[in-house]
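Colleague: structure, please.
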Amino acid sequence: MVGKDENKRYKVNFNPKLRVIIREAKFLDRIGKDIPNTIINIALQEKDYMRHIDKLHQLLRGYDVALSKLKPVERSLLDKNITILNELMDKGTLNHNWFSLSIPEFIRECQEGIENFKEIKNRVEQHSKNIAKKVQNIEDAILIRTINFESTDIMGITEFAEYFDTAREKILAELVKDYQNIGDTYLRSIEECTFKSNTQNREEMRQYYYYWERRIFNAITKMIIRAMAANKALWRGKKALIKMSATYSHPEMSYHPSVDELKTQLDKFSSNILQSAKKFSRWLDGYCKVFEESLDKDTGEKSIRFTFYDELNQNPVICALQMEIHTLNMQIQKKFDLQSEGFFDKNMKLLYDKNELMKMQKQAEKQHSVSLIEKRLFALKKLEQVNISNKQSTIQNSIVLVDYSEVHANAKEKINDWWQTLGKILSDIAKGTLSQIMKDIKGY
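Modeller: Have a look, this model is predicted:
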């Protein structure tokens, strides 16, 4: 009654000659010919025959629909249920023919089997969709908090770290909770509806666990790569987010907070992105249970022994991004040195040299040279214009805006000190010259 074609698909397998016999029997009857009783009995069952064919075709369509669109991993998961259903269908290939009285019962049993299978399949697919949604949430997660550069004020380095870290930790906490629910809730429910158990280590589901763990790993990888790319873009951005100030205490330029503190925070910012993978504990092999936190004997801190971190740290794309971000960080540090060197050239350093000032004072007093002092006054005027007045009080270095106004103010004070000293020397020279002239006048 039911057979299998060359693709091992079920098909209605009634002999097509039956239809020919029934049709010819009708024609012979119409022209009054004698027909054997066997042929007459066959012809009289035409309606039953046609009804059985229609019902069987409906049954096979239902069977094909129930098994269609199953992914290989789902087909493997439901292999036991498919086997049970096929055992019902196989009865039609062995025990029934077109005039069997139990055909309606066979069809009813198979339909019930198909409905039972569809119910299990639908529940598996629903749980699978829920898992896929959680995995997609991980993949789409934005670890680097979005920021409106136009409306966001420049922050201190601690405020900057808190602004991004707080948001990242909050997102990770939600993602980790959803991740744990994949094994504790959804995969356990799939096990219950397919195998009537909830052990979370069903051997028949091992490949299914591997399938989802691979999907989760890929999602975490994409999440980390996206965050690192955002980190790279942030470092290259045109808008400053961190404010620092500079002071000068001869012979060193100092920054507040220090350049070392900035480097530490920027390195930590970048490192925390990849460290986020350590929040996602791996499943035990053959289980959908995560490794729990345990106390590290060396550090005394709680940690998860097996995470996705090690595998991610070997990803070539992530390694390349790490190198690019590290290079950008080093460029930021190097630019601080260049800015300091550019601001304090040879003449500016002489400005802060007390020995140079005393030397100039003694030389001027000894030589009574006004031209020497005038030359130095013109040099100071030029120095103030080139190194202070014509320079911006704030300079941007990547995402850092450095305020040099205190440095400029201090430099102006030093120039004023020089002005006053040189002015006093001029005054003394003028007084001495005037005194000599008065003596000469009295001598006449």
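
Colleague: going by C-alpha atoms from here, please, whenever you check contacts or count neighbours.
Modeller: Noted.

Colleague: so which residues of the stretch 101-250 of the chain form helices?
Modeller: 103-140, 157-181, 188-195, 206-235 (DSSP state H, counting those that start in this stretch).

Colleague: the second one - contacts with which helices or strands?
Modeller: Right, the one you point to is helix 157-181. Other elements packing on helix 157-181 under the criterion 3 or more CA pairs under 8 Å, 6 or more residues apart in numbering; DSSP states H and E are helix 103-140, strand 242-249, helix 259-275.

Colleague: right, so of the ones you listed, which gets closest to Ile224?
Modeller: Of all the helices and strands packed on helix 157-181, the one in closest proximity to Ile224, counting by CA to CA, is helix 259-275 (6.4 Å).

Colleague: give the buried residues for that closest one.
Modeller: Within helix 259-275, the residues that qualify as buried by neighbour count (16 or more other CA atoms under 10 Å) are 259, 262, 265-266, 269-270, 272-275.

Colleague: so how far is it off the chain centroid?
Modeller: 17 Å (CA atoms, centre = their mean, to the nearest Å).

Colleague: which helices and strands sit right next to that helix?
Modeller: For helix 259-275, the elements it packs on are helix 157-181, helix 206-235, helix 309-312, helix 316-343, judged by 3+ CA pairs under 8 Å, 6+ apart.

Colleague: I'd like the next helix or strand past that helix.
Modeller: Scanning the chain past helix 259-275 towards its C-terminal end, the next helix or strand to appear is strand 294-295 (assignment: DSSP states H and E).

Colleague: that next one pairs with which strands, parallel or anti?
Modeller: The strands that strand 294-295 pairs with in its sheet are strand 302-303 (antiparallel) (by DSSP bridges).

Colleague: could you dump the helices of the stretch 101-250 of the chain to CSV with mean pLDDT?
Modeller: Supplementary listing: the helices of the stretch 101-250 of the chain in CSV, determined by pLDDT from 0 to 100:
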stretch, mean pLDDT
helix 103-140, 94
helix 157-181, 94
helix 188-195, 95
helix 206-235, 96
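
Colleague: can you report how many residues lie near Val317?
Modeller: A total of 12 residues lie near Val317 under the criterion other CA atoms under 10 Å.

Colleague: show me the contacts for the residue lying closest to it once chain neighbours are set aside.
Modeller: Nearest in space to Val317, with sequence neighbours left out and distances taken as CA to CA, 6 or more residues apart in numbering, is Ile225 at 7.6 Å. Contact partners of Ile225, counting by CA atoms under 8 Å, 6 or more residues apart in numbering, are 317-318, 321.

Colleague: now the element after the helix or strand harbouring Ser76, going C-ward?
Modeller: Taking DSSP H and E as the definition, Ser76 sits inside helix 72-77. Toward the C-terminal end, the helix or strand that comes next after helix 72-77 (DSSP H and E) is helix 79-94.

Colleague: summarise which helices and strands that following helix is packed against.
Modeller: Helices and strands touching helix 79-94, by 3+ CA pairs under 8 Å, 6+ apart, are strand 2-4, helix 103-140.

Colleague: looking at the ones you listed, which is nearest to Thr199?
Modeller: Between Thr199 and the helices and strands packed on helix 79-94, the tightest spacing by CA to CA is seen for helix 103-140, at 16.7 Å.

Colleague: just put the helices of the stretch 101-250 of the chain in TSV and tack on distance to Asp428.
Modeller: Listed next are the helices of the stretch 101-250 of the chain as TSV, based on distance: least, CA to CA, whole Å:
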stretch	distance to Asp428
helix 103-140	77
helix 157-181	52
helix 188-195	97
helix 206-235	57
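
Colleague: appreciated, that's everything.
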